[in-house]
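everything below, folded, please.
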Amino acid sequence: MHKLMVQWLYGQLPELVRGGVLDEAAASRIRAHYGDVFGRASKPGAWLLAVFGVIGGALIALGIILLFAHNWDELSRPVRAVVSFLPLLAGQALTAWTLARRKDSLAFREGAGTFLTLAIGACIALIAQTYQIPGNLANFLFTWTILALPIAYLLQATVPAMLYMAGITAWAITERVDRGNVHFYWLLLVLILPYLWSAFRHRPQSPSSVWLAWGASICACIVIPPLMIVNGLPGMGLLAYSAMLGAFFLSGATLDQDAARWKLPFAVVGVVGTVIVMLVMTYTNAWEEIWCISDGDLWDVWPNIVLVVALYICVVLLLIRHFVDMSFAVRAFGACAPLALAGYLVALASHTSEFSAYTFNAYMLALAIGLMVQGARTDRLAVLNGGMGIFALWITARFFDADLSFLWRGILFIVLGAAFLAANMVILSRRRRAS
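Residues are numbered from 1 along each chain as shown. Below you'll find the predicted structure:
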């Protein structure tokens with residue numbers, strides 16, 4: 001039975017027991033049969049309190065900072081130094097009290113962790129401003145994230161871990177803007193991997209793991225450009241994006257498909273990102289100058305090459321392991337990464353971009369038609385609309401490339417909209433007749 005249906009059933013059991021429809025023993029047997037659908041420390045009530053705890057901790061920290069800022073110019077330098085440490089000391093005291101008295105409370109752990117994480121950043125910024133300590137934004141983010149990392153492990157709190165991932169992502173972007181070396185990002189990422197592995201392994205369906213997965217997948221998509229924009233290796237960003245999104249999609253698509261879509265962040269980010277990258281690779285500009293590789297700079301980009309190879313290994317292993325059980329949609333989306341690698345090699349060898357771009361045009365069109373056919377045959381509106389959406393993106397991109405008047409473009413959009421409505425009406429009427 002679908003987990004949402006089980007949750008609804010559990011909500012009805014107390015009323016059924018009170019009405020005499022079931023006795024307590026029967027209700028207990030039902031719960032034992034379907035098991036715990038929420039997971040340890042992730043019941044809706046606990047997470048509602050945790051959300052309020054996070055919001056409360058953040059608001060208190062920001063409120064204290066604003067109060068200090070109101071009279072900041074009137075304070076002497078020693079007083080400013082003492083005031084700068086007060087939020088940090090308060091956060092440490094709250095964390096110690098939480099570990100001693102409320103260690104099992106998700107709300108207190110998340111709230112205290114959020115407050116202490118923000119207090120660390122505020123303390124660093126205020127002290128640097130008070131004593132005019134030289135530095136830049138990249139150094140500030142690096143120091144803040146390193147000092148805040150132990151909070152996630154100490155409190156087993158999700159929000160500090162997400163703030164750490166956001167922090168190292170922002171550091172990589174600012175470091176690239178300052179023309180610094182972003183290869184140190186990999187070490188920063190390794191520091192949080194044990195926490196992520198523990199969360200995904202022991203409570204994969206809990207809200208904390210789901211939000212961690214959302215944060216990790218979004219940060220990964222954001223951080224790829226500063227890591228891949230390097231001299232001497234053009235086009236590597238295409239391979240990295242397609243392989244990473246393929247690994248995300250395949251890993252998420254092989255999980256529990258009865259779960260709600262918001263509980264499958266890797267699959268959602270993977271499929272949306274794959275469609276975007278696929279559309280980009282239908283243009284010849286995306287494949288130009290791939291063959292302009294500078295041998296002198298290859299030593300500087302070896303982490304990028306290792307990353308791309310590792311991602312492609314993950315994609316191939318996932319395809320091999322689950323190929324038999326995959327649907328057409330999963331196989332078709334999973335093929336994007338290998339096809340991108342083939343297009344890269346062809347462009348590299350032939351010094352032309354047209355063949356790779358034409359190949360992806362044909363691939364995107366075939367994928368759209370295949371999804372529409374599959375959705376129509378299986379009466380699945382999501383698959384049908386997904387195929388029509390991909391087709392609409394492809395044909396819109398091609399029509400904007402062509403020199404057409406606004407009249408023909410308007411007619412095109414009207415036809416596409418009518419096709420969407422007609423297809424959905426056919427599926428819905430077929431369902432009504434079947435019921």
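
what about the helices in the stretch 301-435 of the chain?
302-322, 328-334, 336-350, 354-378, 381-401, 406-434 (DSSP state H, counting those that start in this stretch).

could I get these as a markdown table with distance to residue 110, mean neighbour count and mean pLDDT?
Using the backbone N, CA and C atoms, a C-beta is placed for each residue, glycine as well. Output for those, formatted as a markdown table (distance: least, C-beta to C-beta, whole Å; neighbours: other C-beta atoms under 10 Å; pLDDT from 0 to 100):
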| stretch | distance to residue 110 | mean neighbour count | mean pLDDT |
| --- | --- | --- | --- |
| helix 302-322 | 31 | 16 | 84 |
| helix 328-334 | 35 | 19 | 85 |
| helix 336-350 | 36 | 19 | 89 |
| helix 354-378 | 40 | 18 | 87 |
| helix 381-401 | 33 | 17 | 81 |
| helix 406-434 | 41 | 12 | 68 |
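
remind me which helix or strand the residue nearest in space to the middle of the chain belongs to.
When C-alpha atoms, centre = their mean is applied to the chain, the residue found nearest the centroid is residue 217 (2.6 Å). In this assignment (DSSP states H and E), residue 217 forms part of helix 207-228.

CA atoms of that helix as CSV?
C-alpha atoms of helix 207-228 as CSV (Å, rounded to 0.1, in the frame of the first residue of the first chain):
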residue,chain,number,x,y,z
PRO,A,207,12.5,14.4,6.2
SER,A,208,16.0,15.3,7.4
SER,A,209,17.6,13.1,4.7
VAL,A,210,15.2,14.4,2.0
TRP,A,211,16.1,18.0,2.8
LEU,A,212,19.8,17.1,2.9
ALA,A,213,19.4,15.4,-0.5
TRP,A,214,17.7,18.6,-1.9
GLY,A,215,20.5,20.8,-0.6
ALA,A,216,23.3,18.5,-1.8
SER,A,217,21.8,18.2,-5.3
ILE,A,218,21.1,21.9,-5.7
CYS,A,219,24.6,22.9,-4.4
ALA,A,220,26.2,20.4,-6.8
CYS,A,221,24.5,21.9,-9.7
ILE,A,222,25.6,25.4,-8.6
VAL,A,223,29.2,24.5,-7.9
ILE,A,224,30.0,22.8,-11.2
PRO,A,225,30.6,26.0,-13.3
PRO,A,226,33.3,27.4,-11.0
LEU,A,227,34.9,24.0,-10.7
MET,A,228,34.8,23.3,-14.5
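
with adjacent residues omitted, what lies nearest to the residue nearest to the centre of the chain?
The shortest distance from residue 217 to any non-neighbouring residue, by C-beta to C-beta, 6 or more residues apart in numbering, is to residue 269 (4.2 Å).

still on that earlier bit, make JSON lines out of the helices of the stretch 301-435 of the chain and add distance to residue 15.
Shown next, in JSON lines, are the helices of the stretch 301-435 of the chain (distance: least, C-beta to C-beta, whole Å):
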{"stretch": "helix 302-322", "distance to residue 15": "42"}
{"stretch": "helix 328-334", "distance to residue 15": "40"}
{"stretch": "helix 336-350", "distance to residue 15": "49"}
{"stretch": "helix 354-378", "distance to residue 15": "36"}
{"stretch": "helix 381-401", "distance to residue 15": "33"}
{"stretch": "helix 406-434", "distance to residue 15": "31"}
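
which among the ones you listed is found nearest to residue 228?
Evaluated over these, closeness to residue 228 peaks at helix 302-322, with 6.0 Å, by C-beta to C-beta.

so what secondary structure elements neighbour the closest one?
On a contact count with 3 or more C-beta pairs under 8 Å, 6 or more residues apart in numbering; DSSP states H and E, helix 302-322 meets helix 207-228, helix 236-253, helix 328-334, helix 336-350.

possible to save those helices as a markdown table with distance to residue 180?
Shown next, in a markdown table, are these (distance: least, C-beta to C-beta, whole Å):
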| stretch | distance to residue 180 |
| --- | --- |
| helix 207-228 | 10 |
| helix 236-253 | 19 |
| helix 328-334 | 36 |
| helix 336-350 | 28 |
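
I'd like to know which of these is closest to residue 149.
Of the helices and strands packed on helix 302-322, the one closest to residue 149 (C-beta to C-beta) turns out to be helix 207-228, at 14.5 Å.

show me where the stretch 1-150 of the chain has helices.
With DSSP H, counting those that start in this stretch as the criterion, the stretch 1-150 of the chain has helices at 3-18, 24-34, 44-70, 77-101, 106-130, 137-155.

just put those helices in CSV and tack on distance to residue 161 and mean pLDDT.
Listed next are the helices of the stretch 1-150 of the chain as CSV, based on distance: least, C-beta to C-beta, whole Å; pLDDT from 0 to 100:
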stretch, distance to residue 161, mean pLDDT
helix 3-18, 25, 69
helix 24-34, 31, 75
helix 44-70, 12, 64
helix 77-101, 15, 88
helix 106-130, 9, 87
helix 137-155, 4, 93
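
deepest of the ones you listed, which one?
Each of these was scored by mean neighbour count; the highest is helix 106-130, a mean of 23, by mean count of other C-beta atoms under 10 Å.

same for that one, what does it pack against?
Contacts defined by 3+ C-beta pairs under 8 Å, 6+ apart place helix 106-130 against helix 44-70, helix 77-101, helix 137-155, helix 158-177.

how about these in JSON lines, adding distance to residue 206?
As requested, the helices and strands packed on helix 106-130 are exported to JSON lines (distance: least, C-beta to C-beta, whole Å):
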{"stretch": "helix 44-70", "distance to residue 206": "9"}
{"stretch": "helix 77-101", "distance to residue 206": "20"}
{"stretch": "helix 137-155", "distance to residue 206": "15"}
{"stretch": "helix 158-177", "distance to residue 206": "9"}
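
roughly how far does residue 372 sit from residue 339?
As judged by C-beta to C-beta, to the nearest Å, residue 372 and residue 339 stand 20 Å apart.
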